[in-house]
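In: Next comes the sequence, and after it the predicted model I'd like to discuss.
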Amino acid sequence: FRGVAALPQAAGTAPEHWVDELERCVTELGFIGVLINPDPAEGQDLGIPRIGEEWWYPLFAKMAELGVPGLVHSAGCKSTRETYSEHMITEASRSVISLAESRALVDFPGLKLIVSHGGGSVPYQIGRWRAARYLEQTEVEAYDTKDGSTAAEVEPFDVSLSRLHFDSLVHDPHGLELLLKVIGPERVLFGTEIPGSGSPVNPETGRSFDDILSSLDSIEWLGADKRRQVVEGNARRLYPRL
């Protein structure tokens, strides 16, 4: 086991206040990555910019400098409109869309981000986001900025998506197979919530809901090499400090 750093992401602080702790954890304590809470307000409307906006750039710059990947995973939930588990999935979904719509992954080409919970709803709803990006791109191409220059190019959604990685934590073999088909085995990393929310036994299978290895074994087209990528190879590639 190797540790990833948690940051002092209290609501009311900004990313430039987090980077010293990240550097300390990596250079002094030997941590190999960082956990990023995309919603330090924990479901409250406190005006914190969506992940990917320039407000986050000091953190991204320090991550790129240190060569450490970030696992995007929310923390607590103080919202009265959703439960803790619902908030996890909502923030995973929102993070993918926010990052895909931003320039962060273009401005920091070495930045490595892994979105938790299989990207939330994104694999299931990818057609909607592709269509939205196509519409946005056609609108950009149809108009010029006031000074006569061409408006900034909008990347195709799949190009933006290809810059992200995802964990395998979806609690369902059908969901995991869909994730692998949509995202590709080369960008999915082993992740589990055992012990945790994935521990209860599924009466239909007799195994824990989050039994990732058995779920991978049930996907016939995956093959041994791609299974090895998910279980081990992708993590070794993304976490060079291993």
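Out: Received it, and whenever you're ready, just let me know what you need.

In: ok, the closest residue in space to residue 235 that isn't next to it in sequence - how many residues close by?
Out: Here the nearest residue to residue 235 in space, its sequence neighbours aside, is residue 189; by C-beta to C-beta, 6 or more residues apart in numbering that works out to 5.3 Å. (C-beta placed from N, C-alpha, C; glycine too.) Using other C-beta atoms under 10 Å, residue 189 has 22 neighbouring residues.

In: Residue 62: neighbour count?
Out: The number of residues packed near residue 62 is 19, by other C-beta under 10 Å.

In: same check, this time on the one 5 residues further on
Out: For residue 67, the neighbour count with other C-beta under 10 Å is 14.

In: so where is the protein shaky, pLDDT-wise?
Out: 139-154 (pLDDT under 70).

In: coming back round to it: now do the same contact list for the residue nearest to residue 235.
Out: Residue 189 sits next to 114, 165-168, 230, 234-235, 238 when contact means C-beta atoms under 8 Å, 6 or more residues apart in numbering.

In: Just the buried ones from those residues?
Out: Listed as buried from those are 114, 165-168, 230, 234-235, 238; burial here means 16 or more other C-beta atoms under 10 Å.

In: Which parts of the chain are helices?
Out: When assigned using DSSP state H, the helices of the chain occupy the ranges 19-27, 57-66, 84-101, 104-107, 126-142, 157-161, 173-183, 212-217, 223-228, 234-238.

In: right, and those helices - which one's nearest residue 2?
Out: helix 234-238 (9.8 Å; C-beta to C-beta).

In: Run the chain-centre distance for the closest one.
Out: Here helix 234-238 is found 15 Å from its chain centre; the criterion is C-alpha atoms, centre = their mean, to the nearest Å.

In: Please work out which residues outside that helix touch it.
Out: Helix 234-238 has contacts (C-beta under 8 Å, 6+ apart) with 69, 112, 114, 165, 186-190, 242.

In: Show me what the residue nearest to residue 235 bridges to in the sheet.
Out: residue 167 (DSSP bridges).

In: okay, now residue 46: neighbour count?
Out: Counted with other C-beta under 10 Å, the neighbours of residue 46 add up to 11.

In: got the helices of the chain as JSON lines, with distance to residue 40 columns?
Out: As requested, these are exported to JSON lines (distance: least, C-beta to C-beta, whole Å):
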{"stretch": "helix 19-27", "distance to residue 40": "14"}
{"stretch": "helix 57-66", "distance to residue 40": "11"}
{"stretch": "helix 84-101", "distance to residue 40": "11"}
{"stretch": "helix 104-107", "distance to residue 40": "17"}
{"stretch": "helix 126-142", "distance to residue 40": "25"}
{"stretch": "helix 157-161", "distance to residue 40": "24"}
{"stretch": "helix 173-183", "distance to residue 40": "27"}
{"stretch": "helix 212-217", "distance to residue 40": "29"}
{"stretch": "helix 223-228", "distance to residue 40": "36"}
{"stretch": "helix 234-238", "distance to residue 40": "24"}
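
In: Having no further points to raise, I will conclude here.
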